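Asker: Show me how the following folds:
(2 chains)
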Amino acid sequence: MENTAPGVRIHEAPRPIFPFPSRHFLSITDLDPPSAKALLDLAEGFVSLNRERAKKLDLLKGRTLINLFFEPSTRTQSSFELAGKRLGADVVNMSPRASSVTKGETLIDTAATLNAMQPDILVIRHEASGAASLLSQKVTCSVVNAGDGRHEHPSQAMLDALSMRRAFGRVDGLTVAICGDILHSRVARSNVALLTMLGARVRLVGPPTLMPVGVERWGLEVRHDLEEGVAGADVVMMLRLQTERMQGTFVPSSREYFHLWGLDRAKLAGASPRVRVMHPGPMNRGVEIDSDVADDPEISLIQDQVEMGVAVRMAILASLAARLDNR
Amino acid sequence: MSVRPIAFVGARLVDPQSGYDGPGALVTEKGRIGEMIRGEGAPDLADDFRIVDCGGALLCPGIVDLRVKTGEPGAEPKETLESAARAAAAGGVTTIVVQPDTDPVIDDPSVVDFILRRARDIGLVHVYPAGAATKGLGGRAMAEIGLMREAGCVYVTDADRPIVDSRLMRRLLAYAGGLGVLVAHRPADPWLMDGASATEGEFAARLGLPAAPAAAEAIMLERDIALVALTGASLLVDQVSAAGALESLARAKAGGLPILATASINHLSFNELDIGDYRTFCKLIPPLRAEEDRLALVEALASGLVDIVVSAHAPAPPEEKRLPFEEAAPGSVGLETLLAALLTLHHERQVPLGRLIAAVTLAPALAIGLEAGKLARGAPADLVLADIETPRIVDAAALTSRSRNSAFDGRRLQGAVRMTLVDGRVVHEAA
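Answerer: Purely as a prediction, here's the structure:
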């Protein structure tokens, strides 16, 4: 047995203290502050477990988890797959090719087909906002939203919060600057909801064309200048420029974008001295972030985010399964 | 179906032409309105009359609905002319004008003729086609407006598609105007609307829906108003929905321009929040607006700035609606709920009943040159008898229409149709 984190003994495997607050995890609004904190605590336990040689538990033994990814994804899909397997579930990955004409039919038809196979948890990613919610109305199992269009990506927000909490010891009171393509970002929407719930001060930074309309009424600080936006920030979260969701031009060129809103060491100078940089991936190096910053282990939390992803998803799946047990 | 003359006694007569709203009796005679008595008197009747004691229920002209889509020809599983006509009869609608965006498109006199023949065979309510303004709804060249008019089309429109080319729109207005054909156009800037399925604002941003600003409507309407001023031709503004566009409309009308405007019952009844958790029955063209816009629209209807109310009946089968919001087909069926929704507006917002009735009877009839829409001796006996107080919860599954995509599903409305007459024949009677 290798280095066990202090205080964690391997025979005391982490277990959910209370079941997930709703049958599905579609949005951060499915959570309340106590359950969000309990999920993060549970995930901490799984982080330690995941660093052990024997990582496998039986909390989901006998359960079937289906990963239904209409949009391609490497890290989220493998993260959910590992999370399910480490909890002892049988995991099936499906990536129905989404043709532009039939993708909607495929969603409902595939949902009905999969539901008939009696899965316990369906993890879905889809390019349309609201797709996870629609699916949840048509199936009898639990549905986890792994990203729906530009709406929400709640497990990403949970892993971001966990990464921050481990880096700073808390989320409450942190100043978090979320920068870049806010308009098309489901990560931003979920993070705004969760971080605000946990007591962080959230700032949105980016060009006006990439800000959602009405954002000034979200009760957040909005900045259009990156240096101004990161000033004093504890966390700078860079978002990917989502060219695949763009209709028409939002910025003139990637080089102008990098010049004005790309994060490099110089623009980071005004941030808090203990600033940490995050990115949900995949990164466009040289467009929204400079490799020099992204790869600096002193300030980058990007690899931690990936590690926290598995632990957070284990916590989500274990809590949803605990609710299934109580039915 | 009865051809027996009917005497309605003890009714509340609402006649938009004379403005009369009060007790009275009315008899039908050979498909027309015969004797009418205002006040308490009773008509002198022969034995063969069927006497309907209305018990104070509303008796008014049948509804003339200028904007109805069916699936015929080309998409009959959605809705046929017959199923739409039955739905209309059930809703107190006695005249429907079907939109040209069928397959094939109604851009040719033979398709106009097809619709009129089918309507005659069905024989329930009056059905008239609106012709396409441009060939194939392509927005590039004028359709054969003159030939379609002679075949029996009542106005021209490209339905949901904006006519982008301003030069074409100018010529269309001038040419159709010269022939005495009304042009209808839904104002929407196509570039701002591109890809949008909701109105831009805080709500759409939170749902992550691609959205367009409500200003897209006023931008195009301002162009259309300028072209009306240039040509002097009449324009029917199709489904105005945004407060900003209403301001443009008010200025144009104050300047004396020959412009009429419609509003859909959906935009008078719902706002964007009714989309809720991505309810696709509330995905509409134009998209639902903010509550301030809805209130401004109700106000505009009450003041007469908006002339006409339409159902914007747009059937869509489950496979086009049970989709993620962005991918779902737009539209709601509305023929069967139009009158009840209007009466609900009357109860909720105190819009005078006479004004609401005029907006679905006399005003649309005048706009397309029909003699319907009034309670007067000799006018067609197209009538609706309705209880204005009766509460009900709309159950989409119980609708007559072939498609049940009703934005009103589950809504509480007040008002129910008891009987519908077309040319003196009973085409619908509640059990």
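Asker: What is the one helix or strand in chain A whose mean pLDDT sits lowest packed up against?
Answerer: Ranked by mean pLDDT, DSSP states H and E, the weakest helix or strand in chain A is helix A:103-116, scoring a mean of 77. In terms of contacts (3 or more Cβ pairs under 8 Å, 6 or more residues apart in numbering or on different chains; DSSP states H and E), helix A:103-116 is packed against strand A:64-69, strand A:121-126, helix A:131-136. C-beta coordinates here come from the backbone N, C-alpha and C atoms, glycine included.
Asker: between these, which one is nearest to chain B?
Answerer: Closest to chain B of the helices and strands packed on helix A:103-116 is helix A:131-136 (Cβ to the nearest Cβ; 4.4 Å).
Asker: roughly how far out does the closest one sit from the chain middle?
Answerer: Its chain's C-alpha centre lies 18 Å from the corresponding centre of helix A:131-136 when counted by Cα atoms, centre = their mean, to the nearest Å.
Asker: quick revisit: how far off strand A:64-69 does the least confident helix or strand of chain A point, in degrees?
Answerer: If you take axes from the mean of the first three to the mean of the last three Cα atoms, to 10 degrees, helix A:103-116 sits at 170 degrees to strand A:64-69.
Asker: Now do the helices in the chain.
Answerer: All of this is about chain A. With DSSP state H as the criterion, chain A has helices at A:33-50, A:75-86, A:103-116, A:131-136, A:154-168, A:186-197, A:226-230, A:254-261, A:291-294, A:302-325.
Asker: you looked at the wrong chain, it should be chain B
Answerer: Going by DSSP H, chain B shows helices at B:81-90, B:109-122, B:145-151, B:166-179, B:190-193, B:202-207, B:215-231, B:243-254, B:265-269, B:291-303, B:318-321, B:338-349, B:353-360, B:362-367.
Asker: For the second one, buried residues please.
Answerer: Think helix B:109-122. Of all the residues in helix B:109-122, those buried under the rule 16 or more other Cβ atoms under 10 Å in any protein chain shown are B:109, B:111-112, B:114-116, B:118-119, B:122.
Asker: closest to chain A among those residues?
Answerer: Among these, and counting by Cβ to the nearest Cβ, the member closest to chain A is B:V111, at 26.7 Å.
Asker: residues contacting the closest one?
Answerer: Counting by Cβ atoms under 8 Å, 6 or more residues apart in numbering or on different chains, B:V111 touches B:73, B:102, B:104-105, B:129.
Asker: Reformat these as CSV; add distance to chain A and neighbour count.
Answerer: Shown next, in CSV, are the contacts of B:V111 (distance: Cβ to the nearest Cβ, whole Å; neighbours: other Cβ atoms under 10 Å in any protein chain shown):
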residue, distance to chain A, neighbour count
B:P73, 22, 17
B:T102, 21, 23
B:P104, 21, 14
B:V105, 21, 22
B:P129, 29, 26
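Asker: State the pair within those residues that is farthest apart.
Answerer: Spatially, the most separated pair among these is B:P104 and B:P129, at 12.2 Å (Cβ to Cβ).
Asker: Start and end of stretch B:227-244, how far apart?
Answerer: The first residue of stretch B:227-244 is 19 Å away from its last residue (Cα to Cα, to the nearest Å).
Asker: and that stretch with chain A, contact?
Answerer: No. Stretch B:227-244 lies apart from chain A when judged by Cβ under 8 Å from any Cβ of the partner chain; the minimum separation is 14.7 Å.
Asker: which residues touch residue 241?
Answerer: Because you didn't say which chain, this covers chain A. A:180-181, A:251, A:254, A:257, A:284, A:287-288.
Asker: that's the wrong chain, I meant chain B
Answerer: Going by Cβ under 8 Å, 6+ apart, B:S241 touches B:214, B:217, B:263-264, B:267, B:286, B:289, B:293, B:297.
Asker: gap between it and B:L362?
Answerer: To B:L362, B:S241 is 23 Å away according to Cβ to Cβ, to the nearest Å.
Asker: near chain A, which residues of the stretch 101-250 of chain B show up?
Answerer: The stretch 101-250 of chain B comes close to chain A at residues B:191, B:194-195, B:200-211, B:213, as judged by Cβ under 8 Å from any Cβ.
Asker: By neighbours, which of the contacts of B:S241 wins?
Answerer: Highest neighbour count within the contacts of B:S241: B:E217, with 30 neighbours (other Cβ atoms under 10 Å in any protein chain shown).
Asker: Is that residue in contact with B:L246, as I believe?
Answerer: No. Contact criterion Cβ atoms under 8 Å: B:E217 and B:L246 do not qualify, at 9.4 Å.
Asker: who touches both of those two?
Answerer: With Cβ under 8 Å, 6+ apart as the test, B:E217 and B:L246 both reach B:V240.
Asker: pLDDT below threshold where in chain B?
Answerer: Per-residue confidence for chain B (pLDDT under 70) gives these ranges: B:1-2.
Asker: Give me the buried positions along stretch A:52-61.
Answerer: By 16+ other Cβ under 10 Å, the buried positions in stretch A:52-61 come out as A:57, A:59-60.
Asker: same question, stretch B:24-31
Answerer: The neighbour-count check on stretch B:24-31 (16+ other Cβ under 10 Å) flags B:24-29 as buried.
Asker: what's that stretch in contact with?
Answerer: Under Cβ under 8 Å, 6+ apart, the answer for stretch B:24-31 is B:5-13, B:33-39, B:41-43, B:45, B:49, B:59, B:375, B:380-381, B:383, B:421, B:423-425.
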